[in-house]
Every structure is written in C-alpha cells, then in structure tokens.
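A.B. asks: Need the 3D shape of this:
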Amino acid sequence: MSSITNKIRASAPRNSELLAILSETDHAQPALEQHRRHVDDLNNELSAIRERISRLDKQRAKELKEHQKYRDSVMKRFAYRVSGKTDKFEAKAEKEEKEYFAVLQQERQAKEMEEHLREMRSKAIEVQSDLEVELNRHTEAQQQLDNLYDSIFQGPTPAFPDEDRLEENARNCLKSYQNARMVVETEQHVVHLLTEAQERVYKALNYTEEALSHSRMDMFGGGTLSDMMERNALDKAESQLGQMLSLVRQAQRASQKVQDLPAVGIAQGSLLGDVFFDNIFSDMAFHDKIKDSRAGLYRARDSLRHQLTLAKARHQDAEQDLILHTESLKRAREELQNARQAIFERVAYGHLDDPAYAMEQPPPYQLGT
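C.D. replies: Residues are numbered from 1 along each chain as shown. Predicted coordinates:
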C-alpha cells in the first residue's frame, strides 16, 4: 500500500500542472472551429471575387476595342458629319466610353476587394495557427492526464460508482462549456465584422460628402476639374460600400441573427457626358442623385448601428453564460479530483470496506497548489 501512496503523492504536482494547462486551453477547440469556418468563408469570397475579376478583365478588353474604334476613327466621324448625324456619333461614342470606363471601374474595385479579403485571410490564418498550438497543448495535456488516471482507474470502476458518475459529469460539463464558448466566439466574430463594416460606411459617407462639395462647385462653374474630383470621391465611396457589404455578408453567414441592410448604392455618371453635355440642369440633377446616395448610406449606417448594438448585447449575454459554464466545469473537475484522492486514501490505508471511513473525506485537493 505504501507504494500506492507514494505513487499518488508523487503524481499530485503533475496532476495539478496538467489541470492548469487544461483550464488555460479549454477555449482552443471552439475558438479554432470558429476561425476555421471564418477562413473557409474568406477563401470562398476570394474565389468568387477572382472569378469576377477574370470575367471583368475579358469584358474590359472587349469594351476597350469598341471604345477605341469610335475614339480613334476619323472616317466614322467624317461619315456621320457628312450625313448630318454628328449628334448620333457623339452619343454612340459616349455610350462606348461609358461602358468601357464602367467596366474599368468595376474591375479596379474588384481588385481592391480582393486585396482587402487577402489581408483579412492572412490575419485570420495567423490567429488560427496560434489556436492550433493551444489546441495541441490541450490535447497533449488531456492525454497525459488520462494516462495518469488510467494507471489507477482503468475504464469503468464498479467498486467506485461515485468516481464514474463524477467523471461523466465532468465530461458533460466540458461539452456544455465548449458549446457556450462557441457561442461567445461566434458573437465576438460578428461584433468584429459589424464594427469593421461600420467603419466602412462612415468612410463612404465622408467620400460622399466630399463629392457633394465638388458637385456644388460644379454647379457654379467648377468645370472639368470639379467633375473629375467629384467622380473620384464617388468612386472611393463605392469601394468602401462594397467592402461594407462584404463584411455584412460574412457576419450573416456567421450568425443568422444578422439582418439585411436597406438597399443602398452610389450615384455614378459619365465623365464624357459631363464634358460634352455639361450644364446647370444636368449638374443639379446629378447633385440630387448624390444626395439620394447619402440618404441611403445614412439608412444603412443606422441599421448597422442597431445590429451592432444587438450583436454586442448577444455577446455580453453569451459571456455571462460562459462564466457559469466555466465555474461548473471547474467545480466538476475539482469534485472528480477530490473523489479520486479520497479513493487513493482509502486504497492506501486499506479501508475500502469500512463504511465509517467511507464517510470521512480527506481534505480537498486544491487546484493550482
């Protein structure tokens, strides 16, 4: 019996160390599962945006040929002029120019989105690598703890039904903890995505305000320079809007509780049209379109604020629930450890069949001491 006692005493420090590692790394498995889903989601988005870039590249090349055909064709211009249809030629030239630059803009925005998604994936993979290290620590510690206990409690122990019951309770508490942790990780991820989306909508609003400022100057004779600065600001606003919508879609795939935003778009015009057909009436009409875009962004901003508030509340509730499950898991492990120590003592001193001694419990083994 003294050898068993010595073995128990010798194993106590290692047992405490392994339990501490498990407590430190319990979060790793649910967090890693959440992050792997996030990386898969980003991979799917990247695949889709790259396919879109490929299609746009082919379309851009096609539109460029049409645009150059009208831009550089002196004979076509001359033929239209001779037939008295110069306006028709200009309209066709504008149409080809508009279609070409529209595709060019879409391709550039798609490439910006690709870069944005690549950066997000890179950061997510770094976090995933760290979590994989933590999960390996957890798995190794659990295996070593199981080996330590199996050397004494091999499989079911009918002679010690309380040990079996408490072991099952500890397993159930761990599952409940992991489920609760998964909810926390998911809601935290949603909060992060919606926060990023909110930053994008604010940037889109700033660029839209900038476009309105240039538009006001254009109405009062700002000329081509004002038109170009106005379009540049709107182009940046549309890029930010695209990133915002991508982030919201990611949040929706993570949680079905995230709702769609109100429909929103950024006004776009034709630079060539402004050059050839620029007047106060067309400038005023386009100024109103920009104001409509700003109104749509404000609605999206308000909806995003509301959903972010709800997501933060869900995350806070989930964290409170996790605290309860963390405490339950800690108690379950302590109860199991104390029960096993009591069995060790009963075996060591030969009191297995002594009912009186069975009622006496040794001082509880304190975790972390």
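A.B. asks: what comes up buried for stretch 164-172?
C.D. replies: 164, 166-167, 169-170 (16 or more other C-beta atoms under 10 Å). Placement of C-beta: from N, CA and C, glycine included.
A.B. asks: Send over it as CSV, restricted to the C-alpha atoms.
C.D. replies: Provided in CSV are the C-alpha atoms of stretch 164-172 (Å, rounded to 0.1, in the frame of the first residue of the first chain):
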residue,chain,number,x,y,z
ASP,A,164,-17.7,7.0,-12.6
ARG,A,165,-20.6,9.4,-12.0
LEU,A,166,-18.3,12.4,-11.4
GLU,A,167,-16.2,11.6,-14.4
GLU,A,168,-19.3,11.5,-16.6
ASN,A,169,-20.4,14.8,-15.1
ALA,A,170,-17.0,16.4,-15.8
ARG,A,171,-17.3,15.3,-19.5
ASN,A,172,-20.8,16.7,-19.8
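A.B. asks: gap between it and the chain center?
C.D. replies: 35 Å (C-alpha atoms, centre = their mean, to the nearest Å).
A.B. asks: returning to that earlier point: next step: the buried residues of stretch 164-172 restricted to helices.
C.D. replies: If you go by DSSP state H, those have 164, 166-167, 169-170 in helices.
A.B. asks: re the thing from before, just curious, which of the buried residues of stretch 164-172 is nearest to D41?
C.D. replies: A170 (33.7 Å; C-beta to C-beta).
A.B. asks: ok, for the closest one, nearest residue in space, not its chain neighbours?
C.D. replies: In space, and not counting its chain neighbours, A170 is closest to A332: 4.3 Å by C-beta to C-beta, 6 or more residues apart in numbering.
A.B. asks: Tell me how far the residue nearest to Q243 when sequence neighbours are not counted lies from L145.
C.D. replies: Excluding the flanking residues, the one nearest Q243 by C-beta to C-beta, 6+ apart is R200, at 4.9 Å. Distance, R200 to L145, by C-beta to C-beta, to the nearest Å: 46 Å.
A.B. asks: okay, the two: which has more neighbours?
C.D. replies: Of the pair R200 and L145, R200 is the one with more neighbours under other C-beta atoms under 10 Å, namely 22 against 17.
A.B. asks: Would you mind measuring from Q59 to A110?
C.D. replies: On the measure of C-beta to C-beta, Q59 and A110 end up 11 Å apart.
A.B. asks: which one of the two has more residues nearby?
C.D. replies: More crowded of Q59 and A110, by other C-beta under 10 Å: A110, with 21 against 17.
A.B. asks: Quick check, the more buried one in contact with R55.
C.D. replies: No - the pair A110 / R55 is not scored as a contact, 9.3 Å apart, by C-beta atoms under 8 Å.
A.B. asks: follow-up on the earlier one: any common contacting residues for Q59 and A110?
C.D. replies: Listed as contacting both Q59 and A110 by C-beta atoms under 8 Å, 6 or more residues apart in numbering is no residue at all.
A.B. asks: Give me the phi and psi angles of K257.
C.D. replies: Main-chain torsions, K257, degrees, to the nearest 10: phi -80, psi -10.
A.B. asks: okay, now the domains of this protein?
C.D. replies: Per the record, the chain has its domains at 27-134, 181-335, by automatic domain parsing.
A.B. asks: hey, least reliable of the ones you listed by pLDDT?
C.D. replies: Mean pLDDT per stretch puts domain 27-134 lowest among those, at a mean of 76.
A.B. asks: Can you list the residue ranges for helices in the stretch 201-350 of the chain?
C.D. replies: In the stretch 201-350 of the chain, helices defined by DSSP state H, counting those that start in this stretch lie at 223-254, 271-277, 280-348, listed in chain order.
A.B. asks: tell me the angle the last one makes with helix 223-254.
C.D. replies: Comparing the axes of helix 280-348 and helix 223-254 via axes from the mean of the first three to the mean of the last three C-alpha atoms, to 10 degrees yields an angle of 30 degrees.
A.B. asks: Helix 280-348 packs against which elements?
C.D. replies: Counting contacts by 3 or more C-beta pairs under 8 Å, 6 or more residues apart in numbering; DSSP states H and E, helix 280-348 is packed against helix 2-25, helix 161-219, helix 223-254.
A.B. asks: Among these, single out whichever gets nearest to R137.
C.D. replies: helix 2-25 (5.2 Å).
A.B. asks: now the angle from the following helix or strand past the closest one to helix 280-348?
C.D. replies: Using DSSP states H and E, the next helix or strand after helix 2-25 towards the C-terminus is helix 28-71. Counting by the same axes, to 10 degrees, helix 28-71 points 160 degrees away from the direction of helix 280-348.
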